[in-house]
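> model this:
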Amino acid sequence: MGEKWVLMKTAQTPTNIAVIKYWGKRDESLILPINDSISVTLDPAHLCTTTTVAVSPAFQQDRMWLNGKEISLSGGRYQNCLREIRRRASEIEDKEIGIKIEKKDWEKLHLHIASYNNFPTAAGLASSAAGFACLVFALAKLMNVKEDESQLSAIARQGSGSACRSLFGGFVKWIMGKEEDGSDSLAVQLVDEKHWDDLFIVIAVVSSRQKETSSTSGMRESVETSLLLQHRAKEVVPKRTLQMEEAIKNRDFASFAQLTCADSNQFHAVCLDTCPPIFYMNDTSHRIISCVEKWNHSEGSPQVAYTFDAGPNAVLIARDRKAAVQLLQRLLFYFPPKSDIDLDSYLIGDKSILQDAGLEGVKDVEALSPPPEIKENASAQKYPGDVSYFICTRPGRGPVLLSHENLALLDPETGLPK
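From the prediction side, this is the model:
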């Protein structure tokens, strides 16, 4: 076997947004949660991580590049994922290029990993979830790991808790599990992305800066100091999870919206109940909630659900495309782009919705009339520049392998970033 070969796999994995939140661990090192959670997987065409993994006898050490910059793999979370995947590797043989790797060889061979997020890292858009899920999925394919997606999710969980939910499309449940070793703390798919394909999702990126309090330290402080969190995990979430599963199964948007908004608000209430308090939302987040609440109230039934993770960005789930169009008209009325920004870069993802909303350029945004639910005498204040940009997307599929070599992030000859 020559020493020149490089074997590679490239995968693409979506991010996910929790509608029943995960907040709080019962085991820090294994990343075991204090409650079940449920999420929706977002269309990877608009939000995803692409990761190329490569193995070669020529590599001297494990190395990783994230968004073009080399990063250290010494952290416990990366080490856990690498160790668990290597333990499950099987032998592989590629007769075409004359490579055979025995099961025992995987311990000695080094890996190169390159990963790219098509959205801001650590801005509250679950980039670590997509990242670790993609790493584990790609390595499992490279090393011929036989475990199914649920078993793989228990490995991805050890990199980032919510990563376990990115190994499936559609709606996904992370079962907290009971075992001390975490073997039963894994993700299962509730329904696939086709089950409820009316839904449309608009994300308002309020700030793509890194957050002040990381989720990891925020959770730890909540577990130590918030009485509300104990009540939430024991009394509220178990019932709410069952109701949410039922709402998803029946495509019951009214129940889905009520549960999603209530759970997001309770999660942020737990953050406020933490000592010292944690503020993930800001004034813009609050204004978006108010806009949605007023509109839902005026319609008599929910048109849109909102949910916020550990950051100020709003994830708005509209019941159908028509509601999404009306939502977008409201959002752009209150939060128009700054004068030097064109509509094309202010709204990314599925732009076809702009045509439905009759919005071709900034002039059309300026011409939008105030939403009818604003009382006649109330001032309809606008907040240009308070939203960085909007992403229009929908529920999407789980991870896939990308077979085309030009989509790989590493050079097939050298195994170094392109």
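> low pLDDT regions in this structure?
Scanning the chain for pLDDT under 70 picks out the ranges 1-2, 120-124, 126, 208-210, 376-379.
> pull the number of nearby residues for Leu272.
Residues lying near Leu272 (other C-beta atoms under 10 Å) number 13. Bear in mind the C-beta positions are built from the backbone N, C-alpha and C, glycine included.
> can you show me the strands along the stretch 301-418 of the chain?
In the stretch 301-418 of the chain, the segments counted as strands under DSSP state E, counting those that start in this stretch are 304-307, 314-318, 347-349, 389-393, 400-401.
> who's Ala54 bridged to?
Counting by DSSP bridges, Ala54 forms beta bridges with Met8, His112.
> any idea how far His195 is from it?
Ala54 sits 36 Å away from His195, taking C-beta to C-beta, to the nearest Å as the criterion.
> and these two? which has more neighbours close in?
Between Ala54 and His195, counted using other C-beta under 10 Å, Ala54 has the larger neighbour count: 26 against 16.
> pull out the buried positions in stretch 322-338.
323-337 (16 or more other C-beta atoms under 10 Å).
> swap in stretch 21-39?
21-26, 30-39.
> between those residues, which is nearest Ala163?
Proximity of those to Ala163 (C-beta to C-beta) peaks at Ile31, which lies at 9.0 Å.
> mind listing what the closest one touches?
By C-beta atoms under 8 Å, 6 or more residues apart in numbering, Ile31 lies in contact with 25, 157-161, 182.
> how about the nearest residue to it, chain neighbours excluded?
Gly161 (4.8 Å; C-beta to C-beta, 6 or more residues apart in numbering).
> neighbours of that neighbour, how many?
For Gly161, using other C-beta under 10 Å, the count is 26.
> in strands only, show me the contacts of Ile31.
Lys25 (DSSP state E).
> so which of the contacts of Ile31 is the most crowded?
Of the contacts of Ile31, with other C-beta under 10 Å as the count, Arg157 tops at 29 neighbours.
> wait, doesn't it sit right on Asp184?
No. Under the criterion of C-beta atoms under 8 Å, Arg157 is not in contact with Asp184, lying 11.3 Å apart.
> and which of the contacts of Ile31 is nearest to Gln355?
Using C-beta to C-beta, Ser160 comes nearest to Gln355 of these, at 37.0 Å.
> contacts only, for that closest one.
So Ser160 contacts 31, 77, 128-129, 131-132 (C-beta under 8 Å, 6+ apart).
> can you pick the most crowded of those residues?
Phe132 (31 neighbours).
> what's the spacing between it and Phe59?
Between Phe132 and Phe59 the computed distance is 21 Å (C-beta to C-beta).
> now stretch 337-354, how far from the centre of its chain.
22 Å (C-alpha atoms, centre = their mean, to the nearest Å).
> again, but for stretch 228-240
Offset of stretch 228-240 from its chain centre (C-alpha atoms, centre = their mean): 23 Å.
> tell me the buried residues in that stretch?
By 16+ other C-beta under 10 Å, the buried positions in stretch 228-240 come out as 228-229, 232-233, 236-237, 240.
> just the endpoints, please. Distance across that stretch?
For stretch 228-240, the first-to-last residue distance is 16 Å (C-alpha to C-alpha, to the nearest Å).
> show me where the stretch 301-418 of the chain has helices.
321-334, 343-346, 352-356, 362-366 (DSSP state H, counting those that start in this stretch).
> wait, which of the ones you listed is closest to Lys375?
helix 321-334 (15.1 Å).
> and the closest one, what does it pack against?
strand 200-205, helix 283-299, strand 314-318, helix 352-356, strand 389-393 (3 or more C-beta pairs under 8 Å, 6 or more residues apart in numbering; DSSP states H and E).
> buried deepest among the ones you listed, which one?
strand 314-318 (a mean of 26; mean count of other C-beta atoms under 10 Å).
> next, the angle from that one to strand 389-393.
40 degrees (axes from the mean of the first three to the mean of the last three C-alpha atoms, to 10 degrees).
> which residues touch strand 314-318?
With C-beta under 8 Å, 6+ apart as the test, strand 314-318 has contacts from 17, 19, 40, 199-204, 206, 256-257, 260, 285, 288-289, 292, 303-309, 324, 327, 331.
> got the contact list for Ala262?
Counting by C-beta under 8 Å, 6+ apart, Ala262 has contacts Arg240.
> wait, I meant Ser153
133, 163-165, 167-168, 174, 186-187.
> Lys211: which of these is nearest?
Ala163 (17.9 Å).
> hang on, the earlier thing: make a markdown table from the strands of the stretch 301-418 of the chain and add distance to Asp364 to it.
As requested, the strands of the stretch 301-418 of the chain are arranged in a markdown table below (distance: least, C-beta to C-beta, whole Å):
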| stretch | distance to Asp364 |
| --- | --- |
| strand 304-307 | 21 |
| strand 314-318 | 20 |
| strand 347-349 | 12 |
| strand 389-393 | 15 |
| strand 400-401 | 37 |
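> which of these sits closest to Phe279?
It is, among the strands of the stretch 301-418 of the chain and with distance given as C-beta to C-beta, strand 314-318, at 15.3 Å.
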